Each structure stands twice: as C-alpha cells, then as structure tokens.
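Undergrad: give the three-dimensional model of this entry:
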Amino acid sequence: MAIELDESGRRSLGKAQQLLRSYDRLVRWPPTQNLHLTLKFLGDVPEADVPRVCEAARLAAERSVPFGFALEGLGCFPPKGPVRIVWAGVKPDGEGLLRCQKAVEEEMAGVGFKPENRPFSPHLTIGRARQGPNTRDLRAAVETTEWAGPGQRSEELVLFESQLRPTGAVYTRVIGCRLGGEQAKPSQ
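TA: Prediction:
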C-alpha cells in the first residue's frame with residue numbers, strides 16, 4: 001500500500017539521485033517513476049486474496065482524509081555501518097499521513113497481514129546499496145548533501161503489484177482508493 005508522488009516530486013527526487021550519481025558503482029538508483037511512499041509492504045499475495053486486500057485498502061482509505069507532506073533531507077539505513085538504503089525524508093504536514101498509515105496497518109491486520117513491529121518512519125527509498133564495497137564515503141556524501149523537494153498532497157491510497165526483474169522492480173497499479181471514503185476505482 002502506497003502513496004504516489006506528483007511529477008514535481010519525482011523530478012526533485014531525480015535531482016537528489018543526481019547529486020549522488022558519482023556513487024553509481026555502489027548504488028542502484030530506481031527510475032523516478034517507480035518512487036512512491038510505502039505505507040505497508042505486503043509481500044506475496046495469493047491471487048485469491050487480492051479482492052480482500054482491495055476491500056481492506058478501500059476501508060483504510062475511507063478512514064483517512066487527504067493530507068500533505070514535504071520531501072526533505074537525505075539519509076541512510078541502517079543509521080551506522082554499511083549502507084543498504086539511501087532515502088529521502090518525508091515530513092508530514094499534520095496527522096493525516098500517520099493516521100492513514102495506521103488505518104492501513106489495522107485494515108491489513110484484519111485480513112491476515114502481520115502488523116509491523118517497528119514504528120513507521122516515513123521515507124522514500126531512492127537508492128539501494130550493493131553488497132561488498134565500503135560505503136563509508138557514500139554515507140558521508142548523503143549526510144552532507146542538502147536537499148529539499150516540493151510539498152506533496154495525497155488524495156489516494158494505491159495498491160501496487162511489484163514484479164522483480166533483473167533490471168529492477170516493475171510496479172503496476174492494482175487499485176486506487178480515494179481518501180475520505182469515495183469508491184475505490186480499479187486500474188485501467
């Protein structure tokens with residue numbers, strides 16, 4: 001379950017990736033059209049369960065309201081040691097994002113998905129570090145790069161299907177659900 005970004009947000013995230021592009025040998029940078037704010041990773045979902053997941057998404061969206069957030073700052077996971085993820089920060093504008101994520105977590109638990117045991121840390125994964133080479137210089141570059149993107153407004157919760165391919169993940173919209181209770185609409 002995720003929140004899509006508008007074009008200005010994706011362009012800005014592409015610029016953030018570009019600032020760190022000299023580390024290409026260490027990092028796989030996903031295409032900006034693949035970047036989205038994940039609220040809940042579901043993993044493999046059997047085809048027979050997709051209708052229940054879509055209904056849970058609709059219910060979570062119904063319980064939520066449109067919200068804004070800012071794109072701000074860069075960082076790495078884990079916070080120390082070898083870098084695995086390069087991320088862009090998400091700063092919620094009010095409580096809407098956190099309430100939406102909580103609604104997603106609760107509705108997905110209701111259809112059998114284990115709740116996340118870590119607190120929600122809103123971020124966008126903009127790069128994945130490869131195993132092997134020392135990433136200390138990458139961490140230093142990320143931590144000293146100043147970046148802020150445009151504000152975003154979300155009015156829809158999206159269920160994506162991801163297919164892993166040798167060239168990276170391919171995301172397909174399964175359903176989009178308007179926040180605030182409007183009827184869910186299937187992808188076309």
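Undergrad: shaky segments in this protein?
TA: 132-133, 181-188 (pLDDT under 70).
Undergrad: can you pull out the strands in it?
TA: Here the chain has its strands, by DSSP state E, at 2-4, 27-28, 36-38, 67-77, 85-93, 123-129, 148-154, 156-165, 168-178, 185-186.
Undergrad: list the neighbouring strands of the fifth one plus their orientation.
TA: Translated: strand 85-93. strand 67-77 (antiparallel), strand 123-129 (antiparallel) (DSSP bridges).
Undergrad: okay, buried residues for stretch 155-162 please.
TA: 155-160 (16 or more other CB atoms under 10 Å). Where C-beta positions appear, they are placed from N, C-alpha and C, glycine not excepted.
Undergrad: with stretch 15-34 instead?
TA: 16-17, 20, 23, 26-27, 29-30, 32.
Undergrad: same thing with stretch 94-110?
TA: 96-97, 100-105, 107-108.
Undergrad: go on, stretch 79-99?
TA: Buried residues in stretch 79-99 (16+ other CB under 10 Å): 83, 86-90, 92, 96-97.
Undergrad: of these, which pair is most distant in space?
TA: Greatest spatial distance in the buried residues of stretch 79-99: Val83 and Gly96, 30.6 Å, computed using CB to CB.
Undergrad: what lies in contact with the longest helix belonging to the chain?
TA: Assignment by DSSP state H gives helix 96-110 as the longest helix of the chain. When contacts are defined by CB atoms under 8 Å, 6 or more residues apart in numbering, helix 96-110 is touched by residues 1, 3, 39-40, 42, 53, 56-57, 59-61, 63-69, 90, 92, 115-116, 120, 122, 154, 157, 179.
Undergrad: can you pull up the most central residue in the chain?
TA: Leu37 (2.4 Å; CA atoms, centre = their mean).
Undergrad: returning to what we had before: what is the most widely separated pair among the buried residues of stretch 15-34?
TA: Leu26 and Thr32 (19.2 Å).
Undergrad: quickly list what Arg128 is bridged to.
TA: Using DSSP bridges, the beta-bridge partners of Arg128 come out as Arg28, Ile85.
Undergrad: pull out the buried members of the contacts of helix 96-110.
TA: Those of the contacts of helix 96-110 that meet the buried threshold are 1, 3, 39-40, 42, 53, 56-57, 59-61, 63-64, 67, 69, 90, 92, 122, 154, 157, 179, by 16+ other CB under 10 Å.
Undergrad: ok, and the closest non-adjacent residue to Gly127?
TA: Val86 (3.6 Å; CB to CB, 6 or more residues apart in numbering).
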